[in-house]
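K.L.:
pasting the structure only:
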């Protein structure tokens, strides 16, 4: 039988793929097709139905343990990517495609080459966790992110899934805090780098990222290579969120007794400790807390001499608490609307819409509103991407006002007095006395659908995907903290709107927001809604 006939028979082979208990016949495919993008990254053809394309960069053949090809892949000089279709039950389909990048200078360490993985598929699905984590980061916008491998993953929190060893301690220690667990079983530095670059850290500004990573690199890489991977992760976090502080933990000791592996961990820790000289990194070594006087590790603390028990997680939280509390308490930068591109808005920058002649008046740089009739004052210019700073205060208890963003002209033309626009995103300004007023005016009606600390929501026909926490019906983004000041006191709002995403900082700290707004361009409006209110230091900066 000729080789060409054998090849045709191989391509026509039938593989049985188990799909929900039903055997489905599927023809094995040829090797995936790899294409080079103009920017040098690689795309791959779609896998057969019921399969995914998995790939490696370490020279091994892709199996079920290999990561899924989820995004364009960049292959550094001297590396070769191997890709093949793998069915849901782990059966490899067809041939392996390869693509090599020519050598050029020193080959980068594998700790620096972003890549996916699926080594812990018996415990959890890496791709599913990544998608859930990315969505949770976008919606929750946590104050604290726990970033690492299985040691972090198995502690508890959300996203759920996989083994959980310290849930009770997690719930106790993080009670009342906004936290996301970005620990992944069997992750190495290169896998964390991929996650940071592909959706898990987009548009978020956590106060603190607690990072511990590298133990899964110990048997594969040198201390210098592992330290370089940790440094690259810190740099990636800082690039994406300069205000975020990193609490960099030393890699925990491992192994029942001191040995060569434990010594290598110590070598890595001595190197990453030097990152503490950066103003955004705090290095903390709590490893000794897990050790017995003779240097051994008790199974009561780490059941397999690597992963903590509930007692081990309690030791972790107690040792970390002072540093974490200090970093998490640091205030956000206070944006005052000064600097290049900012301009102050005065009388000539606004246009009347549906008010009386005395509804809005200027007294120096203070804009005063009687609140009646209900309506808005709009900017003369329309904005798409912008930053807005405004100070405001209510002059009577239960006052109601706000800022509208992205209000189209069709919502303002012909708008009669005592009505508000039916389009736009409202950034609300409610006095704390409003809740009592509402209860008195609406006895028996629920009052859990609003707060008095900076809700954001779409009005009328506009739409917005609100950030967590949300009102019961999901239409409002509720503030994560109660920071607004009461009647007669000045409040500071910083509002940023970029490509349909809007965020609010109240008195210096981010609290609420949303994304996907439609429309996402239009006028900025100040609201009069029945009660006297004052505005001052109104400044805006247009963004690209």
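P.N.:
Thanks, I have the structure now. Since this is a predicted model, take the numbers as computed values, not measurements.

K.L.:
Based on its surroundings, how many neighbours for residue 304?
P.N.:
Residue 304 has 11 neighbouring residues, counting by other C-beta atoms under 10 Å. The way it works is simple: take the backbone N, C-alpha and C, and place the C-beta from them, glycine included.

K.L.:
for it, what are its contacts?
P.N.:
The contact partners of residue 304, by C-beta atoms under 8 Å, 6 or more residues apart in numbering, come to none.

K.L.:
Report the secondary structure state of it.
P.N.:
Secondary structure state of residue 304, per DSSP: H, G, I helix; E, B strand; the rest coil, is coil.

K.L.:
Same check on residue 204?
P.N.:
Once three-state DSSP is applied, residue 204 turns out coil.

K.L.:
which residues does it contact?
P.N.:
Listed by C-beta under 8 Å, 6+ apart, the contact partners of residue 204 are 137, 138, 141, 142, 240, 241.

K.L.:
how does it look with 10 Å?
P.N.:
Neighbour list for residue 204: 137, 138, 140, 141, 142, 145, 180, 240, 241, 244, 510 [criterion: C-beta atoms under 10 Å, 6 or more residues apart in numbering].

K.L.:
in a helix, that's where the first one is, yeah?
P.N.:
Right, the one you point to is residue 137. Yes - the assignment for residue 137 (three-state DSSP) places it in a helix.

K.L.:
and it, how many neighbours does it have?
P.N.:
Residues near residue 137, counting by other C-beta under 10 Å, number 21.

K.L.:
do the last one as well
P.N.:
Other residues near residue 510 come to 23 when the count uses other C-beta under 10 Å.

K.L.:
give me the beta-bridge partners of it?
P.N.:
Beta-bridge partners for residue 510, by DSSP bridges, are residue 505.

K.L.:
what helix or strand does residue 133 sit in?
P.N.:
Assigned by DSSP states H and E, residue 133 falls within helix 126-140.

K.L.:
Now find how far off-centre stretch 163-179 is within its chain.
P.N.:
Relative to the chain's own centre, stretch 163-179 is displaced by 19 Å; criterion: C-alpha atoms, centre = their mean, to the nearest Å.

K.L.:
Flag every buried residue along that stretch.
P.N.:
165, 166, 169, 170, 173, 174, 178, 179 (16 or more other C-beta atoms under 10 Å).

K.L.:
just stretch 273-289 next, same as before
P.N.:
By 16+ other C-beta under 10 Å, the buried positions in stretch 273-289 come out as 275, 280, 281, 282, 283, 284, 285, 286, 287.

K.L.:
for the nearest residue to the first one once chain neighbours are set aside, what are its contacts?
P.N.:
If I follow you right, that is residue 275. Spatial nearest neighbour of residue 275, chain neighbours left out: residue 281 (4.8 Å); criterion: C-beta to C-beta, 6 or more residues apart in numbering. When contacts are counted by C-beta under 10 Å, 6+ apart, residue 281 touches 209, 211, 231, 234-235, 237-238, 245-248, 272, 274-275.

K.L.:
Looking at those residues, state which has the most neighbours.
P.N.:
Counting neighbours by other C-beta under 10 Å, residue 209 leads these with 28 neighbours.

K.L.:
pLDDT weak spots in the stretch 251-400 of the chain?
P.N.:
Low-confidence segments of the stretch 251-400 of the chain (pLDDT under 70): 330-334.

K.L.:
residue contacts, the most centrally placed residue in the chain?
P.N.:
Centroid-nearest residue in the chain: residue 137, 3.4 Å away (criterion: C-alpha atoms, centre = their mean). Applying C-beta under 10 Å, 6+ apart, we find residue 137 in contact with 145, 159, 180, 182, 199, 200, 201, 202, 203, 204, 206.

K.L.:
what's the spacing between it and residue 440?
P.N.:
Using C-beta to C-beta, to the nearest Å, residue 137 is found at 40 Å from residue 440.

K.L.:
do the same with residue 353
P.N.:
31 Å.

K.L.:
who has more neighbours, these two?
P.N.:
A direct count of neighbours by other C-beta under 10 Å for residue 353 and residue 440 places residue 353 higher, at 23 against 9.

K.L.:
can you tell me which residues contact the more buried one?
P.N.:
Neighbouring residues of residue 353 by C-beta under 10 Å, 6+ apart: 359-360, 375-378, 407, 411-415, 417, 419, 421, 523, 525, 528.

K.L.:
Restricted to buried residues, select those in ChimeraX.
P.N.:
Those of the contacts of residue 353 that count as buried under 16+ other C-beta under 10 Å are selected in ChimeraX with:
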select :359,360,375,376,377,378,407,411,412,415,421,523,525,528
